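Student: need a structure here:
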Amino acid sequence: MYEYQGTVELLTVTQLTEQLNLAYSEALKAKKAHASLGPAGSGKTETVKDFGKKLGRWVIVIESSDELTRANFSDIVKAMTGGRTWCVFDEFNRVSTEVST
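Tutor: Purely as a prediction, here's the structure:
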């Protein structure tokens with residue numbers, strides 16, 4: 001079940017995008033989440049958005065902050081479970097440890 005979203009501009013394929021696409025594919029197959037780690041500006045968020053486009057998935061990016069509560073986080077995860085939409089928690093390192101544990 002995929003949704004056609006028209007023709008879209010795709011990212012330039014680099015070694016990083018190939019590695020991340022493989023990791024995303026393996027996570028999908030295992031029905032698991034994936035966390036991409038790396039320096040700011042290296043293309044992690046854009047790569048997952050591009051991967052989602054290739055599969056016809058909507059990708060929502062949430063800019064994480066220290067204001068994200070456990071209840072907010074839980075509500076977001078519940079809303080994404082079982083849906084055709086993917087959620088990216090950008091800058092998740094900014095979230096307090098009591099929310100992320």
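
Student: what packs against the helix or strand where Val48 lies?
Tutor: Assigned by DSSP states H and E, Val48 belongs to helix 44-54. Judged by 3 or more C-beta pairs under 8 Å, 6 or more residues apart in numbering; DSSP states H and E, the packing partners of helix 44-54 are helix 15-29, strand 58-63, strand 85-90. For glycine as for every other residue, the C-beta is placed from the backbone atoms N, C-alpha and C.

Student: export the ones you listed to TSV and tack on mean pLDDT?
Tutor: Below are these laid out as TSV (pLDDT from 0 to 100):
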stretch	mean pLDDT
helix 15-29	90
strand 58-63	90
strand 85-90	87
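
Student: between those, which gets nearest to Ala40?
Tutor: strand 85-90 (10.0 Å; C-beta to C-beta).

Student: centroid residue for the chain?
Tutor: Centroid-nearest residue in the chain, with C-alpha atoms, centre = their mean: Val88, separated by 3.4 Å.

Student: who does that one bridge with?
Tutor: Under the criterion DSSP bridges, Val88 forms beta bridges with Val61.

Student: for Val48, give me its contacts.
Tutor: Listed by C-beta atoms under 8 Å, 6 or more residues apart in numbering, the contact partners of Val48 are Leu20, Tyr24, Ser36, Val59, Trp86, Val88.

Student: between the residues you listed, which sits nearest Glu67?
Tutor: For the contacts of Val48, the nearest to Glu67 is Val88 (17.6 Å; C-beta to C-beta).

Student: that closest one contacts Arg57, correct?
Tutor: No: contact criterion C-beta atoms under 8 Å: Val88 and Arg57 do not qualify, at 11.3 Å.

Student: residues touching Val88, list them.
Tutor: Applying C-beta under 8 Å, 6+ apart to Val88 gives the contacts Thr45, Val48, Lys49, Val59, Ile60, Val61, Ile62.

Student: ok, the fourth one to Thr97 distance?
Tutor: In other words, Val59. 26 Å (C-beta to C-beta, to the nearest Å).

Student: compare these two and say which is more crowded by neighbours.
Tutor: More crowded of Val59 and Thr97, by other C-beta atoms under 10 Å: Val59, with 16 against 6.

Student: roughly how far does the more buried one sit from Arg70?
Tutor: As judged by C-beta to C-beta, Val59 and Arg70 stand 23 Å apart.
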